[in-house]
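Enquirer: I'd like to go over a predicted model; first the sequence, then the structure.
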Amino acid sequence: MTSDPKDFQTRAEIRLPTQELRNDIPFYTKVLGMRMDMIYPADDPNTAVFSGHGLRLRIEKDASGSPGTLRILTSDPDRFADGQRSLVAPNGTRIEIEELDPPLVMPETVHSFVVRRLKDQAPWIIGRAGMHYRDLVPDRLGGSIIASHIRIPDGGPVPDMVHFHKVGFQLIFCIHGWVDVVYEDQGEKMRLTAGDCFIQPPEIRHRVLEASDNVQVIEIGVPAEHVTEIDHEMDLPTPHFRPDREWQGQRFVYNQAKDAEWIPFRLPGYVCRDTTIAENTKGVAGVQVFRRGQGQPEWASHDTDIHFTFVMDGEVTLEGEGREPYRLEQGDAFVIPPGMRTRLSDPTDDVELLEVTLPGTFNTTLG
């Protein structure tokens with residue numbers, strides 16, 4: 001019979017070797033500010049245990065193994081260890097001092113014309129919580145954006161934990177099936193169905209609960225490389241409902257397709273529905289869904305930094321100045337760099353596209 005781990009105490013140590021313990025004691029206590037918890041034997045010590053900064057270290061004379069590297073994260077590196085960022089302990093352990101919460105770095109966009117077609121068989125990669133990811137912008141525009149087509153083949157409960165993302169902007173747009181998600185300060189769980197979207201403000205805590213078979217979403221994240229952290233302390237849903245709360249200037253958005261009003265789009269020949277995301281992110285990004293309307297499509301160019309489009313239904317031809325035309329269909333995606341003239345011609349009656357732009361307010365030039 002196995003004992004319940006709660007019935008006894010446990011703790012872990014990292015063992016590091018040394019040649020002369022007496023040289024290590026002042027370094028780990030005075031320079032790194034750790035506490036010495038144990039030392040033995042008394043007459044000729046060869047082992048000491050230090051604790052601090054979430055670590056417990058056992059420094060042992062002539063122990064086997066590498067002296068390794070310790071990374072210490074602090075809110076004020078200039079005040080820690082006299083401002084040194086890299087040190088080597090007497091026992092050979094390398095110490096790296098880093099920012100506890102470094103500022104988000106937004107890479108400069110490397111503009112390019114990108115077309116990603118589903119029939120080109122881009123690989124699906126198994127990522128976090130067993131979800132399948134397909135990359136829609138392989139060059140990621142120099143690291144400024146990641147656009148993923150995500151699916152969960154088998155429905156049911158999702159093995160997710162309360163977590164958050166250190167991002168500048170993040171969109172979840174459902175294109176097939178449904179998924180239940182719960183968010184910090186936004187009440188009970190919400191069901192995202194095809195055509196609906198969430199804006200996840202930076203660092204809002206959330207958890208994916210359950211999904212239908214073959215649910216599919218488009219996820220846009222800025223910048224491309226961002227950190228996901230698990231929050232082991234927060235339980236969701238939270239007791240407070242705060243729909244107007246802001247995270248780094250952005251509000252949570254739950255936009256449902258069933259409530260949409262269709263209006264003329266910025267491109268002739270199409271109509272659109274606005275998801276209110278430009279308003280709720282204070283212009284950081286804009287998200288619109290557009291479909292065929294009255295009139296003929298025209299050539300146009302834009303001046304926004306990032307312009308991404310995903311074909312959710314139907315077919316359309318993407319013409320680019322100086323490029324061969326692409327006949328696009330459901331599952332295809334493209335990025336248009338600023339200043340490039342393009343035209344979306346010959347749309348089928350059922351065509352529907354998702355447009356994501358950063359920033360959300362920009363100019364379009366026709367002709």
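Expert: Okay, I see it. Note that this is a predicted model, so its numbers are computed, not measured.

Enquirer: Might you report the residue contacts of Asp24?
Expert: Residues near Asp24 by Cβ atoms under 8 Å, 6 or more residues apart in numbering: Thr18, Ala48, Ile59, Ala89, Pro90, Asn91. For the C-beta atoms, the positions are set from N, CA and C on the backbone; glycine is no exception.

Enquirer: now these as CSV including distance to Thr276, pLDDT and neighbour count?
Expert: Supplementary listing: the contacts of Asp24 in CSV, determined by distance: Cβ to Cβ, whole Å; pLDDT from 0 to 100; neighbours: other Cβ atoms under 10 Å:
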residue, distance to Thr276, pLDDT, neighbour count
Thr18, 61, 97, 22
Ala48, 60, 97, 22
Ile59, 57, 97, 28
Ala89, 54, 97, 20
Pro90, 60, 97, 18
Asn91, 58, 96, 22
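
Enquirer: In CSV, list those along with distance to Thr74.
Expert: Formatted as CSV, the contacts of Asp24 follow (distance: Cβ to Cβ, whole Å):
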residue, distance to Thr74
Thr18, 24
Ala48, 23
Ile59, 21
Ala89, 17
Pro90, 22
Asn91, 22
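
Enquirer: and the longest helix seen in the chain, which residues are buried?
Expert: Ordering each helix of the chain by length in residues (DSSP state H) puts helix 21-26 first. When burial is assessed from 16 or more other Cβ atoms under 10 Å, helix 21-26 yields the following buried residues: Leu21, Asp24, Ile25.

Enquirer: how much space between the residue of the chain positioned farthest from its centre and Arg22?
Expert: Relative to the centre of the chain, and counting by Cα atoms, centre = their mean, the farthest-placed residue is Asp43 at 54.4 Å. According to Cβ to Cβ, to the nearest Å, Asp43 stands 13 Å off from Arg22.

Enquirer: re earlier: pick the one among the buried residues of helix 21-26 closest to Thr109.
Expert: The closest of those to Thr109 turns out to be Asp24 (Cβ to Cβ; 48.0 Å).

Enquirer: ok, how many other residues are close to Ile150?
Expert: 19 (other Cβ atoms under 10 Å).

Enquirer: Quick check, it in contact with Gln216.
Expert: Yes. Contact status for Ile150 versus Gln216: in contact at 6.9 Å, counting by Cβ atoms under 8 Å.

Enquirer: So if we follow the domain assignment, how does the protein break up?
Expert: 11-99, 124-255, 259-366 (automatic domain parsing).

Enquirer: Residue ranges in this protein under the pLDDT threshold?
Expert: Low-confidence segments of the chain, defined by pLDDT under 70, are located at 1-6, 128-129.

Enquirer: could you redo the last one with a cut-off of 90?
Expert: Residues of the chain meeting the criterion pLDDT under 90: 1-9, 42-43, 101-106, 118-132, 152-155, 158-159, 225-227, 259-260, 322, 367.

Enquirer: What segments of it are helices?
Expert: 21-26, 277-280.

Enquirer: so how far is the first one off the chain centroid?
Expert: Shown here is helix 21-26, whose average C-alpha point lies 43 Å from the average C-alpha point of the whole chain (Cα atoms, centre = their mean, to the nearest Å).

Enquirer: Put the alpha carbons of it into CSV.
Expert: Extracted C-alpha coordinates of helix 21-26, given in CSV (Å, rounded to 0.1, in the frame of the first residue of the first chain):
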residue,chain,number,x,y,z
LEU,A,21,33.9,24.5,1.5
ARG,A,22,35.3,27.4,3.6
ASN,A,23,35.6,29.5,0.5
ASP,A,24,31.9,28.9,-0.5
ILE,A,25,30.3,29.9,2.8
PRO,A,26,30.9,33.7,2.5
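
Enquirer: hang on, the earlier thing: out of the helices of the chain, which gets nearest to Arg140?
Expert: Nearest of the helices of the chain to Arg140, taken as Cβ to Cβ: helix 277-280 at 21.0 Å.

Enquirer: And the closest residue to Phe27 other than its chain neighbours, how far from Ala12?
Expert: Leaving aside its chain neighbours, Phe27 sits nearest to Ala89 (5.2 Å; criterion: Cβ to Cβ, 6 or more residues apart in numbering). Here the distance between Ala89 and Ala12 works out to 20 Å (Cβ to Cβ).

Enquirer: cool, Ile230 as well?
Expert: Going from Ile230 to Ala12 by Cβ to Cβ gives 19 Å.
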